[in-house]
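S.K.: Pasting the sequence and the predicted model now:
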Amino acid sequence: MNGGVLLSGVLVALGVVAAGAWLGRLIVRRQAEAWSSGVRSVTRAIADAARAEQAEILRAAELSAREEALAAGAANEAQSLEREAELAKAGARVRRREETVAVDAGDLDARRAQLGAPRQRAEAREAEATELRRQARALEAEAPAALERGAGQTVAALRARLIETEIEDARMASAQVVRAADQIAPDDAGRRAKRVMGIAVGRFSGHYLTERLLSLIPLPQGSSGGAEQVIGRDEANLRAIEGVAGVKLSLSDARDAVRLEGLDGVGREIARRCMTWLGRNPAACNDPRRVEQAARDISADLGRELIDLGRRACATLEIARPHPEIVDLVGRLNYRTSFTQNQWKHAVEAAFLCGMMAEEMGLDLKLARRAALMHDIGKALTHEMDGSHAVIGADIARRLGEPEVVANAIGAHHTDEPFNSPYAYLVAAADAMSGARPGARRQMEDNYVAKLEDLERITRSFRGIEEAYAVQGGREVRIYVQEDRVDDLSAVNLSAEVARKISAEMTFPGQIRVTVIREFKAIETAS
């Protein structure tokens with residue numbers, strides 16, 4: 001029973017709770033509906049106010065826009081009126097310009113009409129001038145043929161004849177100038193030259209010793225077989241010396257002397273010193289290798305002596321040292337002779353003479369000495385090179401940087417080159433003065449005369465030769481030919497033939513120049 005009461009109470013309580021809950025939800029719903037109704041009222045009020053404000057703003061904006069539109073319209077209308085006025089003025093100017101252009105066009109048409117006739121006349125004249133030019137070109141093209149027909153010769157032949165005539169006239173004119181120059185007697189110049197040369201010779205004092213290069217070296221004689229010991233077994237010592245000295249050593253027929261065969265004076269001196277060394281050192285005669293080494297040492301010592309000689313020459317003359325190769329060549333001249341005259345001493349003497357003459361003439365003293373000192377350096381190489389020693393020396397000087405004045409003086413002192421400066425003449429004069437001084441050179445008179453006679457005899461054996469003379473101590477032969485029998489080309493061939501015959505039939509040192517002279521003489525007697 002109690003359980004039923006409890007259950008009933010629970011059920012009642014649950015019912016009360018459920019009723020309370022439903023009432024609560026109802027109250028909340030009613031409150032929410034009331035709140036929502038208020039919110040909607042407020043929202044409608046706000047919306048109404050916003051619409052009212054929007055309408056006011058729109059009306060204000062519309063009024064402002066109307067006012068601005070009215071103001072803009074008024075401004076645009078003013079601008080339009082101003083623009084229309086400007087356009088009206090521009091139109092007036094255009095109309096005035098059109099009227100001016102129309103007037104100018106009328107004037108232009110009138111002027112064109114006036115110029116039409118002269119232009120037609122000018123065109124007609126241009127056409128006529130073109131035709132005349134064409135005719136002139138045709139006549140010009142036909143002129144050579146007309147000239148050839150009139151002259152009976154072609155243009156090429158006429159041109160060749162004119163050229164030949166001009167060349168012949170030039171030759172005759174140059175020959176007349178040369179002949180006139182040869183006929184002028186420069187008495188005053190000759191006197192002055194002799195005076196200068198006399199002063200130079202009088203101021204110079206040189207000492208001469210006649211020198212000869214040995215060609216035969218006697219061998220030591222004795223019962224101990226000294227000669228055979230010096231020669232060596234199978235002449236091995238001689239062959240060892242030959243290899244270093246560059247000259248040939250041969251025994252005389254009696255085996256009592258050694259003959260030196262060769263044109264190199266320095267090599268002959270090396271061989272002479274080696275033979276002297278063998279005579280002083282008999283213990284070394286049995287060892288050819290020791291002899292060869294001694295020969296090399298002697299050659300080196302002699303090379304240093306040659307350089308010292310070259311330097312001594314420059315110091316004596318007080319000139320700057322040239323290239324070392326030229327210094328060596330100057331020193332080598334000490335073992336080169338010309339008709340027994342020592343060429344080193346000859347070069348130094350010629351340099352002094354040349355310098356004194358240059359000083360008398362107001363020229364450069366040291367430059368003159370320099371050129372004269374080197375004028376014969378080619379003689380130190382004539383045993384190695386073919387050709388004139390003057391040409392060889394000039395080529396060496398140019399190659400080693402000497403001034404052209406010096407090189408030309410070297411090449412011209414025997415007339416192998418033209419004289420291009422006063423120094424060339426002075427060097428030639430100093431060379432001749434040094435070689436012609438009493439006691440400077442010596443040769444057998446009979447042999448000298450025989451050489452000149454042979455030279456002239458060989459030359460006169462050709463046809464067409466009128467006279468032949470050996471000049472410059474037999475270094476040159478001058479041939480005068482008959483002008484009517486030998487022409488220019490034959491003269492050239494004759495010089496070559498004479499030179500070949502002299503080379504084949506004569507033995508001589510150096511070179512012999514052959515000069516063929518063909519002289520034309522026109523002689524008439526006035527009465």
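M.R.: Received, thanks. Numbers count the residues shown, from 1 in each chain.
S.K.: Measure how far stretch 36-46 is from the centre of its chain, please.
M.R.: In terms of CA atoms, centre = their mean, to the nearest Å, the centre of stretch 36-46 is found 117 Å from the chain centre.
S.K.: Using CSV, write out every CA atom in that stretch.
M.R.: Output of stretch 36-46 as CSV, limited to C-alpha atoms (Å, rounded to 0.1, in the frame of the first residue of the first chain):
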residue,chain,number,x,y,z
SER,A,36,10.8,39.3,-31.7
SER,A,37,7.8,41.6,-32.1
GLY,A,38,9.8,44.5,-30.4
VAL,A,39,12.8,43.8,-32.6
ARG,A,40,10.7,43.9,-35.7
SER,A,41,9.1,47.1,-34.6
VAL,A,42,12.6,48.7,-34.0
THR,A,43,13.9,47.3,-37.3
ARG,A,44,10.9,48.7,-39.2
ALA,A,45,11.4,52.1,-37.5
ILE,A,46,15.1,52.1,-38.5
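S.K.: ok now do Asp454, which residues does it touch?
M.R.: By CB atoms under 8 Å, 6 or more residues apart in numbering, the contact set of Asp454 is 505-506. Any C-beta I mention is one placed from the backbone N, CA and C, and that applies to glycine too.
S.K.: Repeat the analysis, applying 10 Å as the threshold.
M.R.: 470, 474, 502, 505-506, 508 (CB atoms under 10 Å, 6 or more residues apart in numbering).
S.K.: what's the lengthiest helix in the chain packed up against?
M.R.: Identified as the longest helix of the chain according to DSSP state H is helix 2-151. If contacts are counted by 3 or more CB pairs under 10 Å, 6 or more residues apart in numbering; DSSP states H and E, helix 2-151 sits against helix 155-183.
S.K.: any idea how far whichever helix or strand comes after the helix it packs on is from the chain center?
M.R.: Using DSSP states H and E, the helix or strand that directly follows helix 155-183 along the chain is helix 187-203. Centre-to-centre, helix 187-203 and its host chain are 42 Å apart (CA atoms, centre = their mean).
S.K.: Could you check helix 187-203 and say which residues are buried?
M.R.: Neighbour counts over helix 187-203 (16 or more other CB atoms under 10 Å) mark 196-197, 200-201 as buried.
S.K.: Mind picking the one among those residues that's closest to Ala55?
M.R.: Among the buried residues of helix 187-203, Val196 lies closest to Ala55 (CB to CB), at 139.7 Å.
S.K.: Can you give me the neighbour number for Met275?
M.R.: 22 (other CB atoms under 10 Å).
S.K.: One more: Glu476?
M.R.: Count around Glu476 with other CB under 10 Å applied: 17.
S.K.: just checking, it touches Val514?
M.R.: Yes. Glu476 lies in contact with Val514 (CB atoms under 10 Å); the separation is 7.7 Å.
S.K.: pLDDT weak spots in the stretch 201-350 of the chain?
M.R.: Across the stretch 201-350 of the chain, the ranges flagged by pLDDT under 70 are 205-214, 222-226.
S.K.: Helices along that one, start to end?
M.R.: In the stretch 201-350 of the chain, the helices defined using DSSP state H, counting those that start in this stretch lie at 226-231, 236-245, 265-280, 288-317, 324-332, 343-360.
S.K.: helices or strands up against the fifth one?
M.R.: Contacts defined by 3+ CB pairs under 10 Å, 6+ apart place helix 324-332 against helix 265-280, helix 288-317, helix 343-360, helix 389-399.
S.K.: any chance of these in a markdown table, plus distance to Phe419?
M.R.: Shown next, in a markdown table, are those (distance: least, CB to CB, whole Å):
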| stretch | distance to Phe419 |
| --- | --- |
| helix 265-280 | 30 |
| helix 288-317 | 22 |
| helix 343-360 | 14 |
| helix 389-399 | 12 |
